[in-house]
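Colleague: sequence first, then the predicted structure:
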Amino acid sequence: MNRRHPVFARVYARSSPRLELGVAAYRAALLNGLSGRVIEVGAGNGLNFSHYPGEVTEVVAVEPETYLRSIAAVAARRTAVPITIVDGLAERLPTADGSCDAAVACLVLCTVPDQDTALAEIRRVLRPGGELRFFEHVGAAAPGRRRLQRAFDATLWPWFGGGCHCARDTRTAIERAGFVIDRVDRLTTADTRIPFPAAPQILGTAIRPV
């Protein structure tokens, strides 16, 4: 199930610790209050792992990129919460229907080829009433900046960013998949230090209806 981006994976692994200066607090907010069995879609190199609270009984961490998955496996061994690293794609999650209490999508829904399919899979594996916690960068509100993001998406940005698309309307996609948005905060570069075109970002919770 590999989706390989070897150059991006190595650049990201080296540069991501610097981004944590602005992002770590939002990772902690993203995961705060979670409990039970959690599936993390696109776990990358495991930067979320240290933020999972003790009430989480298991994390199934899905990551298709070989190099990042190997780093995530090392990070998982350093955490108190049980974490299982698995190869898999967001469009075909290796988990049974309704088997998870919560799902985490953190800076990953920009990279999946088909957001609707990925979100349908997340909905499938969540139990009724389960939570989707999301922290994603999205299209800008200003039309000029959004046009610029679309131009990036149509040229070199997806190649440079490991399949990333910076102009997506991820909040609408989450609602279209049948989730009910419980809360959402809009963040900017001033908050997270993530620069344009991967700004702004949204941080929130959506519920799979019962």
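Modeller: That came through fine. Given the structure is predicted, the values throughout are model-derived calculations rather than measurements. Numbers count the residues shown, from 1 in each chain.
Colleague: for whichever strand or helix holds Gly129, what is the distance to the chain centroid?
Modeller: Gly129 is located in strand 126-137, with elements delineated by DSSP states H and E. Centre-to-centre, strand 126-137 and its host chain are 10 Å apart (Cα atoms, centre = their mean, to the nearest Å).
Colleague: quick one: secondary structure of the residue of the chain positioned farthest from its centre?
Modeller: Relative to the centre of the chain, the most outlying C-alpha is that of Gly144, 26.1 Å out, by Cα atoms, centre = their mean. The three-state label given to Gly144 by DSSP: H, G, I helix; E, B strand; the rest coil is helix.
Colleague: let me know the average pLDDT across stretch 115-128.
Modeller: Computed over stretch 115-128, the mean pLDDT rounds to 98.
Colleague: so what touches the strand holding Gly129?
Modeller: Identification of contacts with strand 126-137 by Cβ atoms under 8 Å, 6 or more residues apart in numbering yields 26-27, 30-31, 34, 98-110, 122-123, 166, 170, 174, 179, 182, 194, 198-210. The C-beta positions use only the backbone N, C-alpha and C, and glycine is treated the same way.
Colleague: quick check: next helix or strand after whichever helix in the chain runs longest?
Modeller: The residue-count maximum for a helix in the chain (DSSP state H) belongs to helix 6-31. Proceeding N to C from helix 6-31, the next assigned helix or strand is strand 36-41, under DSSP H and E.
Colleague: that following strand packs against which elements?
Modeller: Where contact means 3 or more Cβ pairs under 8 Å, 6 or more residues apart in numbering; DSSP states H and E, strand 36-41 is packed against strand 56-62, strand 100-106, helix 115-125.
Colleague: what residues of the first one count as buried?
Modeller: Okay, so that is strand 56-62. If you call a residue buried by 16 or more other Cβ atoms under 10 Å, then strand 56-62 has these buried ones: Val56, Glu58, Val59, Val60, Ala61, Val62.
Colleague: can you list those in JSON lines and add distance to Gly88 and pLDDT?
Modeller: As requested, the buried residues of strand 56-62 are exported to JSON lines (distance: Cβ to Cβ, whole Å; pLDDT from 0 to 100):
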{"residue": "Val56", "distance to Gly88": "19", "pLDDT": "98"}
{"residue": "Glu58", "distance to Gly88": "15", "pLDDT": "98"}
{"residue": "Val59", "distance to Gly88": "14", "pLDDT": "98"}
{"residue": "Val60", "distance to Gly88": "9", "pLDDT": "98"}
{"residue": "Ala61", "distance to Gly88": "10", "pLDDT": "98"}
{"residue": "Val62", "distance to Gly88": "4", "pLDDT": "98"}
